[in-house]
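Q: Output the structure for:
(one chain, ligands or ions: 1)
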Amino acid sequence: MKLALITLFPDVIENFKAYGVTGRAVAENKIDLQSFNPRDYATDKHRTVDDRPYGGGPGMVMRCEPLIAAVQAARDWMKDEALVVYLSPQGKRLVQARTEELAVEEQNLILIAGRYEGIDQRAIDNLVDEEISIGDYVLSGGELPALVLIDAILRHVPGVLGHAESAGQDSFSEEALEGGLDWPHYTRPEVFEGQTVPKVLLSGDHKLIEKWRSQQATAKTRKMRPDLILNRKN
Ligand code: SAM
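A: Numbers count the residues shown, from 1 in each chain. Below you'll find the model as predicted:
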């Protein structure tokens with residue numbers, strides 16, 4: 001799976017490549033992750049990547065030409081089909097199901113991280129297959145959203161999580177939780193400042209433990225995210 005990130009700040013990505021789920025996926029050659037800086041593809045003397053908005057107003061807008069050239073460089077590097085995603089607060093809100101789909105399809109991705117007021121609409125019109133938002137709030141750049149998307153996808157790529165971990169038991173998993181939230185977790189010590197671990201977890205009775213976890217997960221989902229229960233297919 002090849003992932004290219006179009007960013008004015010490639011260091012963010014380079015640093016991230018060594019850590020956690022992404023670090024493991026890179027080390028085990030599950031993914032090839034490369035950044036492309038539009039500034040390297042700007043053709044004017046000052047390597048300009050942004051300019052003032054037509055119509056006036058505050059802020060700057062990322063110009064089309066360097067973005068289009070950077071995406072072309074990413075395509076040349078990939079030598080394969082890729083879905084072009086613009087991380088944007090105006091995109092469709094990211095949900096677990098979409099991250100699973102992208103992982104299963106082992107979709108090559110070209111992720112565009114915007115800055116300033118965003119990117120010229122013509123770059124969106126010409127390049128972008130899908131706009132994805134990580135939530136209804138505005139960040140200063142698309143680098144963190146791109147890393148969020150990559151991390152969430154990689155959790156579903158077989159072999160990326162360690163043996164002890166499983167995305168199938170995470171919150172929103174259809175498999176274990178019917179799309180609801182995870183159950184509470186406890187580890188040692190058995191008593192912490194007078195608070196004990198629920199007895200059932202010490203019982204060794206796996207059927208009972210499973211039932212308790214399921215009840216706890218449902219109660220937490222009902223309390224924190226009733227919308228997830230309402231959205232269940234049946
Ligand atoms: N003017 C834009 C708007 O109001 O829709 C916001 C631009 S934002 C300051 C700069 C960049 O950050 C965007 O181009 C996008 O790439 C990224 N960004 C900000 N918030 C985001 C979010 N919630 N999800 C995904 N990307 C986001």
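Q: tell me the pLDDT at the residue of the chain found nearest the ligand?
A: Relative to the ligand, the nearest point of the chain is residue 114 (2.1 Å; C-beta to the nearest ligand atom). Backbone N, C-alpha and C define where each C-beta goes, glycine included. If you check residue 114, the pLDDT there is 98.
Q: cool, residue 14 as well?
A: 87.
Q: burial of the closest residue to residue 50 other than its chain neighbours, as a residue count?
A: Excluding the flanking residues, the one nearest residue 50 by C-beta to C-beta, 6 or more residues apart in numbering is residue 60, at 4.1 Å. If you count neighbours by other C-beta atoms under 10 Å, residue 60 ends up with 15.
Q: So residue 60 sits against residue 51, correct?
A: Yes. Residue 60 is within contact range of residue 51, at 6.4 Å (criterion: C-beta atoms under 8 Å).
Q: check which helix or strand covers residue 89.
A: Assigning secondary structure by DSSP states H and E places residue 89 in strand 83-93.
Q: Contact partners for residue 62?
A: 38, 49, 50, 114, 115, 116, 118, 119, 120, 123 (C-beta atoms under 8 Å, 6 or more residues apart in numbering).
Q: ok, and the most crowded of the residues you listed?
A: Most surrounded of these: other C-beta under 10 Å gives residue 38, at 28 neighbours.
Q: Provide the secondary structure category for residue 81.
A: Of the three states, residue 81 takes coil under DSSP: H, G, I helix; E, B strand; the rest coil.
Q: which residues touch it?
A: The contact partners of residue 81, taken as C-beta under 8 Å, 6+ apart, are residue 108.
Q: For this protein, give me the ranges with low pLDDT.
A: Low-confidence segments of the chain (pLDDT under 70): 163-164, 233-234.
Q: Near the ligand, which residues of it? Just list them.
A: 87-90, 113-115, 117-118, 133-135, 137-142, 145 (C-beta under 6 Å from any ligand atom).
Q: where exactly do the helices run in this structure?
A: Under the criterion DSSP state H, helices of the chain are mapped to 10-16, 20-27, 64-78, 96-104, 121-127, 143-154, 174-177, 206-224, 226-230.
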